[in-house]
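# what follows is a protein structure lacking sequence information:
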């Protein structure tokens with residue numbers, strides 16, 4: 001029997017992917033110790049609007065396009081999918097997986113394939 005996965009729920013309603021993106025962007029930025037301005041500049045946003053733009057993405061005022069989301073993911077060293085997953089364990093697994101060596105990634109994938117056959 002598969003274990004139940006945790007999903008993010010606010011006021012007993014499912015979060016929209018836009019809301020999840022906002023939350024995960026801020027989590028990843030804070031985990032890297034970057035200000036909104038530094039993140040924006042590193043992602044190629046003009047330095048005069050970088051802080052305001054990242055703030056608006058985190059607050060959900062503006063929706064980021066996929067190209068900019070990828071640039072932000074690259075700067076934050078997280079997979080793009082991290083920004084959109086509602087599953088907390090999967091989000092954590094993505095962050096752990098991306099930090100592994102190539103050989104360790106192969107081992108984890110082999111292990112997961114064996115477990116999935118159960």
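Structure's in. What do you need? Computed from a predicted model, the values in this text were never measured in an experiment. Numbers count the residues shown, from 1 in each chain.
# pLDDT weak spots in the chain?
1-15, 118 (pLDDT under 70).
# at 90 instead, please
Applying pLDDT under 90 to the chain picks out residues 1-18, 117-118.
# which stretches of it form helices?
For the chain, the helices defined by DSSP state H occupy 17-32, 36-42, 50-59, 66-76, 88-98, 102-116.
# name the helices or strands packed onto the longest one?
Identification of packing neighbours for helix 17-32 by 3 or more Cβ pairs under 8 Å, 6 or more residues apart in numbering; DSSP states H and E yields helix 36-42, helix 50-59, helix 66-76. In short, each C-beta sits where N, CA and C put it, glycine included.
# got the angle for the second one vs helix 17-32?
Just to be clear, that refers to helix 50-59. Orientation check (axes from the mean of the first three to the mean of the last three Cα atoms, to 10 degrees): helix 50-59 against helix 17-32 gives 130 degrees.
# cool, the last one as well?
Orientation check (the same axes, to 10 degrees): helix 66-76 against helix 17-32 gives 20 degrees.
# relative to helix 88-98, how tilted is helix 66-76?
Here helix 66-76 runs at an angle of 60 degrees relative to helix 88-98 (the same axes, to 10 degrees).
# ok now stretch 24-32, how far from the chain's centre?
8 Å (Cα atoms, centre = their mean, to the nearest Å).
# now that stretch: buried residues?
Judged by neighbour count (16 or more other Cβ atoms under 10 Å), stretch 24-32 contains these buried residues: 24, 25, 26, 27, 28, 29.
# of all the residues you listed, which comes closest to residue 64?
Checking the buried residues of stretch 24-32 against residue 64 by Cβ to Cβ gives residue 25 as the nearest, at 7.9 Å.
# how about a markdown table for the helices and strands packed on helix 17-32, with distance to residue 115 added?
Converted to a markdown table, these look like this (distance: least, Cβ to Cβ, whole Å):
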| stretch | distance to residue 115 |
| --- | --- |
| helix 36-42 | 36 |
| helix 50-59 | 36 |
| helix 66-76 | 27 |
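# re earlier: list just the nearest of the buried residues of stretch 24-32 to residue 102.
Taking Cβ to Cβ as the measure, residue 102 lies nearest residue 28 of the buried residues of stretch 24-32, at 22.7 Å.
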